[in-house]
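Q: Give me a model of this one.
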Amino acid sequence: MRTPKLDVYNLVVFYFVASEKSITAAAEKLFLSQPTVTYHIKSLEKSVGAKLLEVKRKKLFLTHAGEGFFEYSKQIYQQLINAERFVEDLKEARLRVGISLTFSSSFSSTAAKFREIYPHVKLIVENAPSAKIIEDVLNSQLDLGIVVSRGYANPELRCIALSEAEKMALVASPSSPISQKEQIELADLCDYPLILGPETSATRQIIFEKLKAEGFKTSSLIAVEVDSIEWGRSLVEDGNGISFYCMRNVEKEVSEGRLKILHLVDDIQVGVEVLVRRDVILPPVANKFIALAKETFSVPTDAFPAGETTPLSN
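A: Here you go, the predicted structure:
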C-alpha cells in the first residue's frame, strides 16, 4: 500500500484559495493569517513540483496544473466533510431529509413508520422547492432529497426512482363556478386564478410547460404564489383560486366536501425520485427511509372520480 506524500491540510488550504480566487478571502474563511495561507500554498507547490497559482494584474489565476489539481482537492475536501458528518452521526444518530413541497404531506406515514423502527434516530425534515432541496443535497446539508422527477443531469447526483408519474389532482372549492363544469380544458385554466408554488417549484414548471406547449401564455395566470401546501389548500377552499395537488395531499379535504376534484381532459403528471450525492455512502437508516418511501408510493391512493367530493360507497 502506497503512503501519500501530500499534506492533506495543504490541499484543503489550496481548495479554499482556488475556490475563492483570493488568498485574503481564503484566510478569512480558514481563520488563518495571509502569510500562513501563502506558506501552505508554497509547501504544496514544492511537494507537487509545479506552480499551481499565478497573480496577474492583482488577480489570482489557476495554472494549467492548478486547474487539474483543483478537481482532486475538491473531492478530497468533500470526502473530509463527509467523514466529519459520519462522525457527527455516530455521536448523534440523525437523518436529514429534504422533501419537495409537492410531496410534503405524502411522507407523514413514511416518517411515522421510520420513527417506529428507529426511535433513537433524529429525523430532520426540510420542506422546500425541488431546486432548494437539490442545492442542499449538493452542499451536504441534506442526506436525501425527495423531489419531483425532472431528469436532473448533474454528475454529482445519483437518482433513485420512487414511483412512475402519477396524475395531479386539479381541485377547486365546491362553490367555485369552475367546479360546475363537467370537464376542464387547458384553456379553462387561463380563465381562473391559479394558486401555485414559487418560481423554483418543479411542479409549477411542469404545469407551465404543458400550458406553453399548447400555446397559452402563463405570465398572468398566478393569483397567489405560496410556499406551503396548507396555505395553498386553505386559499382554494375559500374560493380564491384553483390548484394542483398530489391526491394524497387532498384526500381528507375531498372526502369532507371542502374541495372538489375537477375533470381535466389533459392529465398533468409528476414522478417522484430521491437524489443523493454520488460520493456518499448511505448509512442503513437512509436506505431504510428510501425503502419506506417506495412503499408509500407503491400503495395507490383512494381514487375519487372527477366531480365527486366524497368516496364512492361499496
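
Q: all contacts plus neighbour counts: C-alpha atoms, from now on.
A: OK.

Q: mind listing what the residue nearest to Gln34 when sequence neighbours are not counted touches?
A: Counting by Cα to Cα, 6 or more residues apart in numbering, Gln34 lies nearest to Ala27, which is 5.6 Å off, once chain neighbours are set aside. Neighbour list for Ala27: Ser33, Gln34, Val37 [criterion: Cα atoms under 8 Å, 6 or more residues apart in numbering].

Q: cool, Leu259 as well?
A: Per Cα under 8 Å, 6+ apart, neighbours of Leu259: Val171, Ala172, Ser173, Pro174, Val236, Glu237, Val250, Glu253, Thr309.

Q: out of those, which are inside helices?
A: Among those, the members falling in helices (DSSP state H) are Val236, Glu237, Glu253.

Q: quick one: the second one and Ser179 touch, right?
A: No - between Glu237 and Ser179 there is no contact under Cα atoms under 8 Å: 11.8 Å.

Q: joint contacts of these two?
A: With Cα under 8 Å, 6+ apart, Glu237 and Ser179 have common neighbours Ala172, Ser173.

Q: Model confidence score at Ala27, please.
A: On the pLDDT scale, Ala27 is placed at 92.

Q: Am I right that it is in a strand?
A: No - Ala27: not assigned to a strand; according to DSSP: H, G, I helix; E, B strand; the rest coil it is helix.

Q: Tell me how far it lies from Leu60.
A: Using Cα to Cα, to the nearest Å, Ala27 is found at 14 Å from Leu60.

Q: Now tell me which helix or strand of the chain has the poorest mean pLDDT.
A: strand 222-225 (a mean of 69; mean pLDDT, DSSP states H and E).

Q: Give the next helix or strand downstream of the longest helix along the chain.
A: Taking DSSP H as the criterion, the chain has its longest helix at helix 64-91. Sequence order places strand 94-100 as the next helix or strand after helix 64-91, per DSSP states H and E.

Q: hmm, who's touching that next one?
A: By Cα under 8 Å, 6+ apart, the list of residues contacting strand 94-100 reads 121-130, 133, 141-148, 285-286.

Q: report the angle between the axes of that strand and helix 64-91?
A: Per axes from the mean of the first three to the mean of the last three Cα atoms, to 10 degrees, the angle that strand 94-100 makes with helix 64-91 is 110 degrees.

Q: show me what contacts the most centrally placed residue in the chain?
A: By Cα atoms, centre = their mean, the chain has its centre lying nearest to Ile133, at 2.5 Å. For Ile133, the contacting residues are Gly98, Ile99, Ser100, Leu142, Gly145, Ile146, Val147, by Cα under 8 Å, 6+ apart.

Q: still on that earlier bit, drop anything exposed from the contacts of Ala27.
A: Buried subset of those (neighbour count, 16 or more other Cα atoms under 10 Å): Val37.

Q: Name the nearest of the contacts of Leu259 relative to Glu214.
A: Distance ranking of the contacts of Leu259 against Glu214, using Cα to Cα, places Val171 first at 21.1 Å.

Q: which stretch of helix or strand covers the closest residue to that closest one other than its chain neighbours?
A: Leaving aside its sequence neighbours, Val171 sits nearest to Ile261 (Cα to Cα, 6+ apart; 4.6 Å). Per DSSP H and E: Ile261 is located in strand 260-262.

Q: Which strands and helices lie in contact with that strand?
A: Judged by 3 or more Cα pairs under 8 Å, 6 or more residues apart in numbering; DSSP states H and E, the packing partners of strand 260-262 are strand 169-172.

Q: Any idea how far the strand it packs on is from the middle of the chain?
A: Remark: strand 169-172 is offset 24 Å from the chain centroid, using Cα atoms, centre = their mean, to the nearest Å.
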